[in-house]
Each structure stands twice: as structure tokens, then as C-alpha cells.
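Undergrad: Sequence and predicted model, in that order:
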2 protein chains.
Amino acid sequence: MAGTSNVTGPRGDVPKNETERLIASDKVEGTAVYNKAGEHLGSVFNFMVDKYTGKVAYAVMSFGGFLGIGERYHPLPWEKLDYDARLGGYVVDLNAKDLEAAPSYGRDETPWADPEYGRNVYGYYGVPYWF
Amino acid sequence: MAGTSNVTGPRGDVPKNETERLIASDKVEGTAVYNKAGEHLGSVFNFMVDKYTGKVAYAVMSFGGFLGIGERYHPLPWEKLDYDARLGGYVVDLNAKDLEAAPSYGRDETPWADPEYGRNVYGYYGVPYWF
């Protein structure tokens, strides 16, 4: 998707604006995620926004799985994602071992209900908690 | 969509998590927008995120149009949107006249390229600019 200002998506040929500073929410979703070595790890599933402050709390990665079976979701602090225009995706400085041990949940789990969950996610990645 | 924790969307039956504080990006997109009188104005098209800070810069409303013809996009400060669980959508305290005069753009326009654009949007709605 990198370098294009219009793509044909599920909603037709729509503006997928991106500036040096801003990126559209629906451009983030589905974007590929790579490690530092350029290996494909998965993609951005969606991200969670604070309703009151408008701050992105987490980006949720989708790693592994086949047709949704066995797919797991990994919440990451937004600060861990770096957009790489050359790769057309996000780069995270994490290896497979880090990710295996990281907080994650299955498609039928709703960990968000626990207010401490976010704190634990940020703690795992060593990023200061955002509120 | 209000009150459901799972909905069947284009990507299948996926977790559409929402807590008192957080909302999923793909739940925001497509959500209906009403005025204070409960009249349907349009829907959230997407929203723009600051790549570096993870702050939502604007929510982009889609008002009017038929099959995308004549559709116009209205960027709004996130602070102008209040989620109403009863309506299952966002409420904005704006009338049709306010919206007609508000900054907007057509599907082939890319106003984001102008760094002053965001400042003008926030100025119109009387909300302090966010960076």
C-alpha cells in the first residue's frame, strides 16, 4: 500500500490519505508487520482507541493461524510500531521468542474487561503506561 | 452495533471489543452519527492517527451522497464526538447549517497535504489544536 494515495478496497476506490505525520485508520488495519530482518510476522488486525482522549491505546497484531483457526491477537504499545515506507508495512523490533512469550489472546477471549490488562501489556514491552 | 461484543463483519465473526474506556478502530468506522435531536446525519468514514504520538487527529464523517456520488467528507476533532450507547452511534452537537459551512472535501481531494488544514478544522469547531 505504500506510496499510493488511492487503493481499491472493500469500500471501493476511496481516498486512503497519508501524510508524513498522519495515517488513516483503515490504512493501518491489515497492514503487514515485519521484524527488523524484514521477515513477515503478521498484520495489524485493528487498534484500540481511548474514547475520551482520542489516544491509541494499543495496536492489535494478528500472528499465525490459518483461516482464523488458531489465530492469536497480540496487543502492542503503538510506540513499538515503526512504519517503513520501503516495506509498505510496520517494523517491530521483536523476535519470535519475544512474541511467543508476549501477552496474547484467542478470538473468543475478551481480556480488555480487566483494567489491569493494559498495564501488563505495556509492562511486558517496557513502555511507560499511557494513562 | 452497540452492546454487542461480537458482530459478523467483512472479516467474519471477530472480536469487536469495547470497554467503558476503549473502542476498537474497526468498530468506530461505519458507526452512525446523529445530531442532538437524534436525527441521523451520516457515519464515521475513518479517522486519522498521528503516526508518532498515536493520537487521533480527526474523525472523518461521511455525510450525504448516493453510492458515493456527491459524497463529502467532514473532518471533525475527536472531542466533538460523544458515543451514545442507546443510539448505538456518535452524537455531535451540530446542526445542518453548521455542517454545510464546515470544512469538507470530495472523494478526489487530498486536503491533508496542506499542514494548515488541520489547524483550520480545529479553528472552525473552536477546539484547541492538538499539536
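TA: Perfect, I can see it now.
Undergrad: number of nearby residues for A:L94?
TA: 18 (other CB atoms under 10 Å in any protein chain shown). Backbone N, C-alpha and C define where each C-beta goes, glycine included.
Undergrad: again but with A:W112, I slipped
TA: 22.
Undergrad: Does the residue nearest to A:R119 when sequence neighbours are not counted belong to a helix, a strand or coil?
TA: Among residues not flanking A:R119 along the chain, A:Y129 sits closest, at 5.4 Å (CB to CB, 6 or more residues apart in numbering or on different chains). With DSSP: H, G, I helix; E, B strand; the rest coil as the basis, A:Y129 sits in coil.
Undergrad: A:Y129 is in contact with A:E116, isn't it?
TA: No - look at A:Y129 against A:E116 with CB atoms under 8 Å: they stay out of range, at 10.6 Å.
Undergrad: Where is the longest helix in chain A?
TA: For chain A, the longest helix by residue count, based on DSSP state H, is helix A:116-125.
Undergrad: what about A:L94, distance to A:M48?
TA: 19 Å (CB to CB, to the nearest Å).
Undergrad: Correction: the previous question concerned A:V91.
TA: For A:V91, the distance to A:M48 - CB to CB - is 21 Å.
Undergrad: Name the single longest strand found in chain A.
TA: Looking across chain A with DSSP state E, the single longest strand is strand A:40-50.
Undergrad: and that one, anywhere near chain B?
TA: Yes - against chain B, strand A:40-50 shows contacts by CB under 8 Å from any CB of the partner chain at A:F45, A:N46, A:F47, A:M48, A:V49, A:D50.
Undergrad: Tell me where chain A has strands.
TA: A:6-9, A:12-15, A:22-24, A:32-34, A:40-50, A:56-63, A:72-76, A:82-84, A:89-91, A:105-106.
Undergrad: okay, these in a markdown table with mean neighbour count and mean pLDDT next?
TA: Formatted as a markdown table, those follow (neighbours: other CB atoms under 10 Å in any protein chain shown; pLDDT from 0 to 100):
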| stretch | mean neighbour count | mean pLDDT |
| --- | --- | --- |
| strand A:6-9 | 12 | 39 |
| strand A:12-15 | 16 | 36 |
| strand A:22-24 | 20 | 86 |
| strand A:32-34 | 19 | 92 |
| strand A:40-50 | 21 | 89 |
| strand A:56-63 | 24 | 88 |
| strand A:72-76 | 23 | 90 |
| strand A:82-84 | 15 | 87 |
| strand A:89-91 | 22 | 91 |
| strand A:105-106 | 14 | 88 |
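Undergrad: Among the ones you listed, which comes closest to B:K36?
TA: strand A:40-50 (23.0 Å; CB to CB).
Undergrad: what angle do the closest one and strand A:56-63 make?
TA: Inter-element angle recorded for strand A:40-50 and strand A:56-63: 150 degrees (by axes from the mean of the first three to the mean of the last three CA atoms, to 10 degrees).
Undergrad: What helices and strands are in contact with strand A:40-50?
TA: Contacts defined by 3 or more CB pairs under 8 Å, 6 or more residues apart in numbering or on different chains; DSSP states H and E place strand A:40-50 against helix A:25-28, strand A:32-34, strand A:56-63, strand A:72-76, strand B:22-24, helix B:25-28.
Undergrad: what's the spacing between that strand and its chain's center?
TA: Offset of strand A:40-50 from its chain centre (CA atoms, centre = their mean, to the nearest Å): 2 Å.
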